[in-house]
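J.: Take a look and give me a structure for this.
(chains A, B, C, D, E and F)
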There are 4 protein chains.
Amino acid sequence: MLRHIDAQNGIPIYEQIIRQVTIAVADGSITPGEHVPSVRELANRLAVNPNTVVRAYRDLQAQGVLVPVRGTGLAIAADSVSKCLEQRLSLIRQSLRSVLEEAWRNRISKAELRTLCDSELNRLTEEAL
Amino acid sequence: MLRHIDAQNGIPIYEQIIRQVTIAVADGSITPGEHVPSVRELANRLAVNPNTVVRAYRDLQAQGVLVPVRGTGLAIAADSVSKCLEQRLSLIRQSLRSVLEEAWRNRISKAELRTLCDSELNRLTEEAL
Amino acid sequence: MLRHIDAQNGIPIYEQIIRQVTIAVADGSITPGEHVPSVRELANRLAVNPNTVVRAYRDLQAQGVLVPVRGTGLAIAADSVSKCLEQRLSLIRQSLRSVLEEAWRNRISKAELRTLCDSELNRLTEEAL
Amino acid sequence: MLRHIDAQNGIPIYEQIIRQVTIAVADGSITPGEHVPSVRELANRLAVNPNTVVRAYRDLQAQGVLVPVRGTGLAIAADSVSKCLEQRLSLIRQSLRSVLEEAWRNRISKAELRTLCDSELNRLTEEAL
DNA sequence: GTGGTCTAGACCACG
DNA sequence: GTGGTCTAGACCACC
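T.: Next comes the predicted model:
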């Protein structure tokens, strides 16, 4: 986890870090109380500027996912799991909603949309992405 | 058509204009040969910077949707309808695909995704958005 | 407004900017829809690095006090006044609470605390700070 | 006494130790001449870095609250009680003052502040914090 | 012109 | 060692 960053996919690096931490908490690969890698270490590992990591970690603190432990680093907050689970789903629901609404506004029928969704869902499992 | 611009929804204004023209062509509210509003007029109507309209029209020319008519402005290209129909669908398919792939990467199961899609699709028709 | 920054009082510069904007909104000296000074202009005016202003403005966006208007700057959000009013009071209430609780833990009696509060409150108005 | 440290409340740990010693002296739970726990023992008890305890004790020596006793450790200074009593109050007075001044600068009226103080004071006794 | 992101490197307080 | 703040300067997309 916290391994791979794609600097060219348009998603800001700090955002990718935030998402990866959020997912890791949501699926239990980091548990409350554990420390996340230090700013310098992670920056090193991802070949990224420390400030970029700082920014990601700061946003995660603002969300209440990380808490500072004086002088020893940042830890996953006790109550962060549910937050992250929620957030993960609500983010996706929201993206999905806006795509579908956009399509609907563009007079794509409900039936067509359903077909589209089905074909894309099948594609996912086939490709074992 | 070509009425409403939202400067605060994250989608670039020129992109919003492009989409609206594309849709209008796709659903027949503008037909090949017709002129689009002049840069100045449209900029005025949408309360938008003329340069932004220029950029949208430029991109639409590059796509072959608009063709310059010497001295009188820009018109919808003769063969643009099919292009726009295609594009409309492919745009949506692509957005949908990226949303679903993202979710999949985040370990949301196919079943969960199908449920999500269904609930959002139902939401659309109920609200008669 | 947004005039004076004290670089040596321990409060981070970006925090001082945030507070000043919040207060300005709360007391009506900026109204919803108005633009705040541009990053570069404010940085210039306060003799501060642009990034510092960027950070303050970003936090204010996260709070929903500022909204970006594509290409033309940042504006006060429509629903920001109540937020800022609330926040202003809740911040103070919280500081006050923690000071009083600390004192209470230290066995200062309620009567002593009341006297302290009174004397300090009187001090304020006398000095016309 | 000297029991509980909160590594996540923003107050530096060495500061928390200093305050707890000061309070203990002020309210008589340690008396002049008594020894404070050794650095190692206290560090152990509080699950804290020994250097942190060293720093707290160093500051307390600088304040004249602790005096070194050759070979046997640190003891409460003979004249420290009045100092600590004073300090306890002045610390609180100062915190209170800065909170109120901040509020005043933010255009909270004296009447509002008085109400706030009253409500928070009542809260204290009710909760028997 | 606007804001957004990122890098590089400095200094600080804390443990 | 840790995170937090700030400066300086670069590049980008958008209007």
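
J.: what residue ranges in chain A score low on pLDDT?
T.: A:1, A:127-129 (pLDDT under 70).

J.: Which residue ranges of it form helices?
T.: Ranges of helices in chain A, per DSSP state H, are A:13-26, A:39-46, A:50-62, A:80-105, A:110-127.

J.: Report the beta-bridge partners for the nearest residue to residue A:60 once chain neighbours are set aside.
T.: Leaving aside its sequence neighbours, residue A:60 sits nearest to residue A:66 (CB to CB, 6 or more residues apart in numbering or on different chains; 4.4 Å). In short, each C-beta sits where N, CA and C put it, glycine included. Beta-bridge pairing of residue A:66 under DSSP bridges involves residue A:76.

J.: Roughly how far does residue A:66 sit from chain B?
T.: 19 Å (CB to the nearest CB, to the nearest Å).

J.: What are the neighbouring residues in contact with that residue?
T.: Residue A:66 makes contacts with A:21, A:36, A:57, A:60, A:74-77, A:80, as judged by CB atoms under 8 Å, 6 or more residues apart in numbering or on different chains.

J.: Now do it against residue A:42, distance only.
T.: Look at residue A:66 and residue A:42: by CB to CB, to the nearest Å, they are 12 Å apart.

J.: I'd assumed residue B:94 was in contact with residue A:102.
T.: No. Residue A:102 lies out of contact with residue B:94 (CB atoms under 8 Å); the separation is 11.7 Å.

J.: Now do the same contact list for the closest residue to residue A:7 other than its chain neighbours.
T.: Nearest in space to residue A:7, with sequence neighbours left out and distances taken as CB to CB, 6+ apart, is residue A:13 at 6.4 Å. Counting by CB under 8 Å, 6+ apart, residue A:13 touches A:5, A:7, A:46, A:48, A:52, A:56.

J.: Near the fourth one, how many other residues are there?
T.: If I follow you right, that is residue A:48. By the measure other CB atoms under 10 Å in any protein chain shown, the count of residues near residue A:48 is 18.

J.: What of the second one?
T.: The number of residues packed near residue A:7 is 12, by other CB under 10 Å.

J.: can you tell me how far it sits from chain C?
T.: Relative to chain C, and taking CB to the nearest CB, residue A:7 is found at 20 Å.

J.: Roughly how far does that residue sit from residue A:47?
T.: Taken as CB to CB, the span from residue A:7 to residue A:47 is 9 Å.

J.: Quick check: residues of chain A near chain D?
T.: A:67-72 (CB under 8 Å from any CB of the partner chain).

J.: Now render these as a markdown table, adding neighbour count.
T.: Converted to a markdown table, the residues of chain A next to chain D look like this (neighbours: other CB atoms under 10 Å in any protein chain shown):
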| residue | neighbour count |
| --- | --- |
| A:67 | 17 |
| A:68 | 14 |
| A:69 | 13 |
| A:70 | 19 |
| A:71 | 12 |
| A:72 | 11 |
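
J.: Which one of these is nearest to residue C:106?
T.: Closest approach between these and residue C:106, by CB to CB: residue A:70, at 21.6 Å.

J.: Not counting sequence-adjacent ones, nearest residue to that closest one?
T.: Residue nearest to residue A:70 in three dimensions, not counting chain neighbours: residue D:7, with 4.9 Å by CB to CB, 6+ apart.

J.: just checking, the one you found touches residue A:74?
T.: No. Assessed by CB under 8 Å, residue D:7 is found out of contact with residue A:74, at 12.0 Å.

J.: Pull up the gap between the closest residue in space to residue A:28 that isn't next to it in sequence and residue A:26, please.
T.: In space, and not counting its chain neighbours, residue A:28 is closest to residue A:81: 7.8 Å by CB to CB, 6+ apart. Remark: distance between residue A:81 and residue A:26 (CB to CB) = 7 Å.

J.: Tell me which of these two has more neighbours.
T.: Legend: neighbour count by other CB under 10 Å for residue A:81 and residue A:26, higher for residue A:26 (22 against 18).

J.: Run through the residues that contact the more buried one.
T.: A:81, A:84-85, A:87-88, B:106.

J.: Which one (most neighbours) among those?
T.: Neighbour count (other CB under 10 Å) singles out residue A:84 as the most crowded of these, with 22 neighbours.

J.: so how far is chain C from that residue?
T.: Distance from residue A:84 to chain C, by CB to the nearest CB: 18 Å.

J.: Same question for residue A:5.
T.: Residue A:5 is 21 Å from chain C, by CB to the nearest CB.

J.: and chain A, which residues reach DNA strand F?
T.: Contacts of chain A with DNA strand F, taken as CB under 7 Å from any atom of the strand, map to A:36, A:38-41, A:51, A:54, A:57-58, A:61, A:68, A:71-74.

J.: Quick check on residue A:30: phi, psi?
T.: phi -130, psi 140 (degrees, to the nearest 10).

J.: Give me every residue in chain A lying close to DNA strand E.
T.: So chain A meets DNA strand E at A:7, A:12-15, A:48-52, A:55, A:70-72 (CB under 7 Å from any atom of the strand).

J.: now, the most widely separated pair of the residues you listed?
T.: Farthest-apart pair in the residues of chain A next to DNA strand E is A:7 and A:70; separation 32.8 Å (CB to CB).

J.: tell me, how many neighbours does residue A:20 end up with?
T.: 19.
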